[in-house]
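Enquirer: Provided below for reference: sequence and predicted model.
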Amino acid sequence: MSVSASEPGGGRLARSPVPLFAWLLGCVVLLLAAVLLSLMVGSAAISPRTVLDALLGNAHSVEARTVIELRVPRTVLAVVAGGALAVAGALIQALTRNPLADPGILGVNAGAGFAVVIAVAFFGVSGVPGRIGAALAGAAVAAAVVYLIGSMNRARTAGPVTLVLVGLAFGAVLQGLAGAITLVRPKAFTLMRHWDTGALNDRTLAMVAQVLPLILLGLAIAFFVAPSLNAVALGDGPAKALGVRLGPVRTGVVAAVSLLCGATTALAGPIGFAGLMIPHVVRWLFGVDQRWIAAYSAVLGAVLLLVADVAGRLVLWPGELPAGIVTAFVGAPFLIVLARRKEASGL
Amino acid sequence: MSTPVKLDTGRPEWAVRTRLLSARMDRRTLVVNLALAAVIVVTALVSLGVGDIYVSLPDVLATFYGGASRADTVVVQQWRLTRVLLSLLLGFGLAVSGAVFQSLTRNPLGSPDVIGFSTGSYTGAIVLIALFHAPTAVISFGALASGLAVAAIVLALSYRGGFRGFRLIVVGIGVSAVLSALNTWIMAKAQLQVAMSAAIWGAGSLNSVAPDALPVAAAGIALFSALALLYGSRIRALELGQDAADALGVRSRHTQIALTGAGVGLVAIATAVAGPISFIALVAPQIAARLTGRGGWSPIGAGLTGALLLLLGDTVARVAFLPVQLPVGVVTTSLGGLYLIWLLVREARRL
């Protein structure tokens, strides 16, 4: 069933299983370092020793409470959200065979956002569970539209640019309508203008715990379909010939992307570009096997969002720049460089 | 010169040939355009009549030919005429701009939004509204300037010995993403009232446009449309691809730059007057192509369709929820959404 595709260009650092595993461990160490950094850095700098004491429950100072009550939740959220978004991006890119696919660019985040606006404006939803439900539904509908466009890709030669443009137009419609609704519902307007920035602060561990099962389910599906996606990378015809049933694979990917993006967006707001950048870097460094791509994306996506969040706390110190804004500022130039490279223009 | 070559395009045509000038006109295109013009006139007359004060059709006509009551004349000519004419003009300009960008990117989904103009002008407006509390005229001007600056950045970043549709689109997405992140952040930081008025500007609206915008908009749109039409004869060669265009003797860079200038100019005027109005530029050229039955470049048909769409949209925005007037951008966005859904359903059926 699994096909280990090897492509020139990918896998600069490692290709065979043992080095790949070693590098993955290295990435996990990097993640732990980023977690520690995220616990230490902020409007008040806290020493690693105090952080450890606080985590072990040995300290009860103001600093320790800052770590436990403010920084631990946002760090956990950054790890969960970053990993989820990067895996979702890798899945969409593999399914549509489109290197530009990203939950943000294809309008999945906009779908989740639109549904949250509707829920807040017309159904008086105010709590986190209601928002999660709405965001999941919105993300699922938007991902299904992507699915539809993805299947169109098979019948006709709609290129990657067309897919991106349809996603963009679709996102613009949803954002426009959400904007119109918020103009007449001030309560929704107040909520959405903060939610839209993609900030990770002011969330509690209890809120993260509410979305965690959904994200774990999404990740499980992702690792389950990854071997089949290796075959899909060869084209739909060869994939079928290799015994991949495309229908269940597509459904699985759409379900996983909806879960991952919907749950993340419900809690953290629309965070763009993590899903675009990380799979690219991973493919470049570690090759094109989807199973490894999913594993590396989960770890490095978490690192990216942690670093973005920490950077956001530092650039306007003692103020903060929301993590979603930071990823856009880093990710967009990445996209432009990608488009200007010669190989990319022949997509 | 040599004897004229009779070229069979497989469609009924009318040809005018004189010593100085010869022109071919596709018969169906001409009929469609005339029909569109007629529909526009009727819709405009109806639109002049409807609103919170109703004026019947004969009374609307009477305000132009004499014999109308003073009240009717004020309502029709002073209150509504400017707005109807502006919606026609801006709709025409946006649609021609869309036709230009769809040809340049060689993609039916290309639109001036891809070069980041709308997002850029929104950034300018938000900065002026939220940080400087600027008056309306300054906001229009600042939005125009920042939109042009962003368009210039996108074009410069995607220019590499000519524009490739793909590169233009992706660079535009990237630059727009940075700016919309900035927009979101300023909106979140601003006071509620200020953020609200910035959001209203961003929706795109003709609700409070000053009458003196009309002559400026008319002159600008006429100028840039003429430029687009002038270079239009070469665009078919460009649509074949840059190499083919070069082989046919079309100076492709020159033409691309002139057309881009015309397209940006048209969308700039519309945005300065009314804020970013979405989807007219995307949808109108496609509808026109379906009506005339020929794909590709047909700027007049696209322009007339755009004029009709924006007039209809603005009329709906004005009267649908009286006494509240919606921004026309809300209506055009919904329209764009319906169009996309229709497109998806149609494509899905083909499978």
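Expert: Thanks, I have it.
Enquirer: tell me which element the nearest residue to B:Gly98 once chain neighbours are set aside is part of?
Expert: Closest residue in space to B:Gly98, ignoring its immediate chain neighbours: B:Ala281 at 3.1 Å, by C-beta to C-beta, 6 or more residues apart in numbering or on different chains. Heads up, the C-betas are built off the backbone N, CA and C, glycines and all. For B:Ala281, the host element (DSSP states H and E) is helix B:280-292.
Enquirer: Quick one: residues in contact with that helix.
Expert: For helix B:280-292, contacts defined as C-beta atoms under 8 Å, 6 or more residues apart in numbering or on different chains pick out A:169, B:26, B:28-29, B:32, B:36, B:91, B:94-95, B:97-99, B:101-102, B:108-109, B:111-113, B:267, B:295-296, B:298, B:301-306, B:309-310, B:313, B:332, B:335-336, B:339.
Enquirer: Isn't A:Val249 up against A:Asp236?
Expert: No: A:Val249 is not in contact with A:Asp236 according to C-beta atoms under 8 Å; the separation is 10.3 Å.
Enquirer: mind checking how far the residue nearest to B:Gly98 is from B:Trp201?
Expert: According to C-beta to C-beta, to the nearest Å, B:Ala281 and B:Trp201 sit 19 Å apart.
Enquirer: which residues of the stretch 101-250 of chain B score low on pLDDT?
Expert: B:161-163, B:165 (pLDDT under 70).
Enquirer: try it again with 90
Expert: B:101-217, B:228-250 (pLDDT under 90).
Enquirer: What is the host helix or strand of A:Thr327 packed up against?
Expert: Element membership of A:Thr327 [criterion: DSSP H and E] is helix A:323-340. Secondary-structure packing of helix A:323-340 (3 or more C-beta pairs under 8 Å, 6 or more residues apart in numbering or on different chains; DSSP states H and E): helix A:274-286, helix A:290-315, helix B:136-158, helix B:165-189.
Enquirer: in stretch B:232-247, what counts as buried?
Expert: If you call a residue buried by 16 or more other C-beta atoms under 10 Å in any protein chain shown, then stretch B:232-247 has these buried ones: B:232, B:234-235, B:237-239, B:242, B:245.
Enquirer: Pick the one among those closest to chain A.
Expert: Nearest to chain A, judged by C-beta to the nearest C-beta, of the buried residues of stretch B:232-247 is B:Gln242 at 12.5 Å.
Enquirer: wouldn't that closest one be in contact with B:Ser252 here?
Expert: Yes: if you go by C-beta under 8 Å, B:Gln242 and B:Ser252 touch, sitting 5.2 Å apart.
Enquirer: Next, format the helices and strands packed on helix A:323-340 as CSV and append mean neighbour count.
Expert: Formatted as CSV, the helices and strands packed on helix A:323-340 follow (neighbours: other C-beta atoms under 10 Å in any protein chain shown):
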stretch, mean neighbour count
helix A:274-286, 24
helix A:290-315, 24
helix B:136-158, 20
helix B:165-189, 23
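Enquirer: Would you map the helices across the stretch 51-200 of chain A?
Expert: Using DSSP state H, counting those that start in this stretch, the helices of the stretch 51-200 of chain A run over A:62-65, A:72-96, A:108-122, A:128-155, A:160-184, A:186-195.
Enquirer: I'd like to know which elements the second one is packed against.
Expert: Helix A:72-96 is packed against helix A:17-40, helix A:128-155, helix A:205-232, helix A:246-268, helix A:274-286, helix A:290-315, with contacts defined by 3+ C-beta pairs under 8 Å, 6+ apart.
Enquirer: tell me which residues in the third one are buried?
Expert: Within helix A:205-232, the residues that qualify as buried by neighbour count (16+ other C-beta under 10 Å) are A:207-208, A:210-212, A:214-215, A:218-219, A:221-222, A:225-232.
Enquirer: From A:Val67, how far off is the residue nearest the centre of chain A?
Expert: Central residue of chain A (C-alpha atoms, centre = their mean): A:Leu85, 1.2 Å from the mean position. Going from A:Leu85 to A:Val67 by C-beta to C-beta gives 25 Å.
Enquirer: cool, and A:Ala302?
Expert: Per C-beta to C-beta, A:Ala302 is found 19 Å from A:Val67.
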